[in-house]
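>>> Starting from these lines, generate the structure:
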Amino acid sequence: MLVHDYNQRQAWKKRVYPVPNPTRSGFRWRASALRRLNQWSGRTAGQHPATIVVPALYNLMPAESLAMGWLSEIETLLLIRQRMTCAASVTGWDVFTFHTQHNADQFYDSTIGALRDTWMKEGNLSSQALLETRRQFGKPWDYHRVHARLVENLVFQSSLMDWLSNRASDVPLQFHVIGTALLSALVSAGSISFKAAVTTALKFGKRWDDALRKADGNSSEDEAGWNEFTRVRKLVEGRAAISMPVEREDLPKTDAPCRPFWYAPSATDEPLLITTAQDAACALETMNLGSWAACTSVARSADETIRGWLVSPLHHMARQCKWSMTDYLLATPGAAELFLDHIAPLGRGPMLQLPVEPLQNRFRLSRMKVTGP
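Numbering: from 1, shown residues only. Now for the predicted structure:
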């Protein structure tokens, strides 16, 4: 966390990561209460599937995915490790090293070291990629380099979305992704390949990095790095607004998603359903760095009655589900399992099919509006 301006080199405070530990009885109690509420309001529980809200960024601080236990869940670990290796083949540097080298909780240092040594011995982490990561991102302010954060986020987010989809094969789920999380959703839905998504994230991110640094004129490398760190941090915390669109020449070719999902360019925009390759292509044109900003409310689609939030508890968007009956923080494997076991099945039943107006007639480069579900 950024401290006083005159002591910027202490960019991250040492702290203990708060790991939510929800109880099975608590999830059962909420599920029971929701059933009673549905009956009281005269609606059936099978009207709507559970929604998984995926903010533009999953992590706020380094090593959060490790701290939250996702690398201890074997099925997720295999996919995350596979995508880390694939990303390294494109970028030349390693997401695991980038994600953990500025870790602020010493408790996890031994776990980080054990994983690193094991993966190097197994050949899943090359020493060359590790050294290149430390060379490129060795300064504390490097954690908010936009292109690196986009790739890091893509690895974790797409893996967790796939994990949820595989575990929820017998219960109805739908995803509502925000801003740059669109890349993860397109990978998870088979609309673009993971390698294409990594290449696209690098193109977007490097343009945004360059734009943020050019604003500093003739500043030194350290000054420009700290200025970018501060701007991005304020953006993620919702204390500043930045608008940087994408360039059409950087957009990948898309196929139709195998699973439709909801997408909004920012948290305050109403989501639209992505069902075709044209929808996906139009959605990509609306991506903006400004989607990283946290906000006090998130627009819902008409059928979002129960929502799980795929976000770490330190992220400011996690506040959206605090003390709520219908919003759940899916920050750990245990919490996600309990949500899938007790809450998501409330929507089991035939999904309501509604006509969707072609999105290409409603997309705008800066903002989208919707007149119906």
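>>> tell me which element residue 111 is part of?
With secondary structure defined by DSSP states H and E, residue 111 is part of helix 109-122.
>>> in the next helix-or-strand element following that helix, what counts as buried?
Proceeding N to C from helix 109-122, the next assigned helix or strand is helix 127-136, under DSSP H and E. Of all the residues in helix 127-136, those buried under the rule 16 or more other C-beta atoms under 10 Å are 129-130, 132-133, 136. C-beta here means a position set from N, CA and C on the backbone, and glycine is covered the same way.
>>> how close does the residue nearest to residue 288 when sequence neighbours are not counted sit to residue 162?
Spatial nearest neighbour of residue 288, excluding adjacent residues (C-beta to C-beta, 6 or more residues apart in numbering): residue 245 at 5.3 Å. With distances defined as C-beta to C-beta, to the nearest Å, the gap from residue 245 to residue 162 amounts to 28 Å.
>>> and if you look at residue 283?
Residue 283 sits 19 Å away from residue 162 when distances are taken as C-beta to C-beta.
>>> okay, these two: which has more neighbours?
For residue 283 versus residue 162, the count of surrounding residues by other C-beta atoms under 10 Å is larger for residue 283: 24 against 19.
>>> so where do the strands sit in the stretch 251-373 of the chain?
Along the stretch 251-373 of the chain, the segments classed as strands by DSSP state E, counting those that start in this stretch run 261-264, 272-274, 307-309, 327-329.
>>> so which of those strands gets nearest residue 61?
Using C-beta to C-beta as the criterion, the shortest distance between residue 61 and those is 16.1 Å, found for strand 327-329.
>>> mean confidence score for the closest one?
Per-residue confidence for strand 327-329 averages out to 93 on the pLDDT scale.
>>> Repeat that for stretch 113-120.
The model assigns stretch 113-120 a mean pLDDT of 92.
>>> List the buried residues in that stretch.
By neighbour count, and taking 16+ other C-beta under 10 Å as the criterion, the buried residues in stretch 113-120 are 115-116, 119.
>>> which one of the residues you listed is nearest residue 316?
Residue 316 has its nearest neighbour among the buried residues of stretch 113-120 in residue 115, at 27.7 Å by C-beta to C-beta.
>>> Could I get the contacting residues of that closest one?
Listed by C-beta atoms under 8 Å, 6 or more residues apart in numbering, the contact set of residue 115 reads 66, 71, 96.
>>> among those, who's most crowded?
Of those, with other C-beta under 10 Å as the count, residue 96 tops at 28 neighbours.
>>> for the stretch 51-200 of the chain, what spans make up the helices?
Along the stretch 51-200 of the chain, counting by DSSP state H, counting those that start in this stretch, helices occupy 64-67, 74-91, 95-100, 109-122, 127-136, 146-167, 182-188, 194-214.
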